[in-house]
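Engineer: Predicted model follows, preceded by the sequence.
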Amino acid sequence: MVENKEITALFHLIDDPDEEIYTTISDKIISFGKGIIPNLEHLWENTTNEEIQERIESIIHKLHFRDLTEDFSHWKDGSNELLQGSLLTAQYHYPEMNSTQVLQELEKLRRNIWLELNNYLTPLEQVNVMTSILYNYYKMRGVEIGYTQPEEFLINKTLETKKGNAISNGIIYLILCELLDIPVKAINIPKQFILAYFDPHHEIMNPGGHASEKINFYIDPLNGQMYSHKDVENYFKRISVPPTASYFRPLSNKRVISYLIEELAKCFDNDRNRYKMLELISLAKMLDE
């Protein structure tokens, strides 16, 4: 713990009823950085006043969020790795999360899939191996997207419970494809989070043409089901939307994580947690800039 007289004095003023004074005190405490969190936790443990405890929790949250915003800024301007972006998103809800378990589970899955792959498999056979191991052997389950369980959007909980929605399952699928050099990407089909297997030779053989022509087939990450071009055409007819080229272009990792954060934000659309929704929206906007 950091110890000095200024911190002690600030902690004595944390219960000031004047909101303006409290804001000034809070900002000053936050300026010390994450090193002050053990002091705040010690103060929380030795306080019986619930209002003061809530203020301490709020300050700790702001400290974590400030660091997370900085980490996302570096991620955005750096590697844009999907795994790192999904871990940072999970840290919003679980700031003390240890990513070791996530990395171990992903490595176990990667290895099991890699052992079944070879250079002679067709794209369909490659994806069948992925799907079989992920949904049959590993027992990953899909749940419809809802906004009452934030955990269903987060990679650590999805791997822990083997249960996620199309977005979290899809991100795990995409991470594994990146690790195994399988050309599967997320695409921008309306009201769906769908993956597509992109023909790596199409650009060389046919540089023009509609964006969908580069795609061999589609994958629903909720359960691993595969769809044909005809299935997707029928979907566009059903929702009365013309299938323009933009819907079939691969989404960047930045856009995938931004979309994940936007959807996660909807879990906090209530009076008590609205500040979390606004924080997450600000993160998503930062990534889209």
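Structural biologist: Sure, I can see it.
Engineer: Tell me where the stretch 101-250 of the chain has helices.
Structural biologist: Counting by DSSP state H, counting those that start in this stretch, the stretch 101-250 of the chain has helices at residues 123-131, 155-161, 166-180, 202-205, 229-238.
Engineer: Kindly present those helices as TSV, with separate columns for mean pLDDT.
Structural biologist: Rendered in TSV, the data for the helices of the stretch 101-250 of the chain read as follows (pLDDT from 0 to 100):
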stretch	mean pLDDT
helix 123-131	96
helix 155-161	97
helix 166-180	97
helix 202-205	60
helix 229-238	96
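Engineer: hey, which of those is tucked in deepest?
Structural biologist: Ranked by mean neighbour count under mean count of other Cβ atoms under 10 Å, these are led by helix 166-180, which reaches a mean of 23. Placement of C-beta: from N, CA and C, glycine included.
Engineer: What are the contacting residues of it?
Structural biologist: Judged by Cβ atoms under 8 Å, 6 or more residues apart in numbering, the contacts made with helix 166-180 from elsewhere in the structure are 82-83, 86, 106, 109-110, 113-114, 117, 130, 134, 140, 142, 145, 152-155, 158-159, 164, 182-186, 192-193, 195, 219-222, 256, 259-260, 263.
Engineer: Could you tell me which of those count as buried?
Structural biologist: Buried members of these, scored by 16 or more other Cβ atoms under 10 Å, are 82-83, 86, 106, 109-110, 113, 130, 134, 140, 142, 145, 152-155, 158-159, 164, 182-186, 192-193, 195, 219-222, 256, 259-260, 263.
Engineer: where's residue 35 relative to residue 60, distance?
Structural biologist: When Cβ to Cβ, to the nearest Å is applied, the distance between residue 35 and residue 60 equals 12 Å.
Engineer: The residue lying closest to residue 232 once chain neighbours are set aside: neighbour count?
Structural biologist: Residue nearest to residue 232 in three dimensions, not counting chain neighbours: residue 218, with 5.8 Å by Cβ to Cβ, 6 or more residues apart in numbering. Here the number of neighbours of residue 218 (other Cβ atoms under 10 Å) works out to 23.
Engineer: Okay, and the beta partners of residue 218?
Structural biologist: On DSSP bridges, the residues paired with residue 218 through beta bridges are residue 196, residue 227.
Engineer: State the pLDDT value of it.
Structural biologist: The predicted local distance difference test score for residue 218 is 97.
Engineer: Can you verify my assumption that it contacts residue 195?
Structural biologist: Yes. Between residue 218 and residue 195 a contact is recorded at 6.9 Å, counting by Cβ atoms under 8 Å.
Engineer: still on that earlier bit, now do the same contact list for the residue nearest to residue 232.
Structural biologist: 187, 194-197, 226-228, 231-232.
Engineer: Buried residues of whichever strand or helix holds residue 59, list them for me.
Structural biologist: Mapping residue 59 onto the secondary structure by DSSP states H and E places it in helix 50-77. Along helix 50-77, these residues count as buried under the neighbour rule (16+ other Cβ under 10 Å): 55-56, 59-60, 62-65, 68, 72, 75-76.
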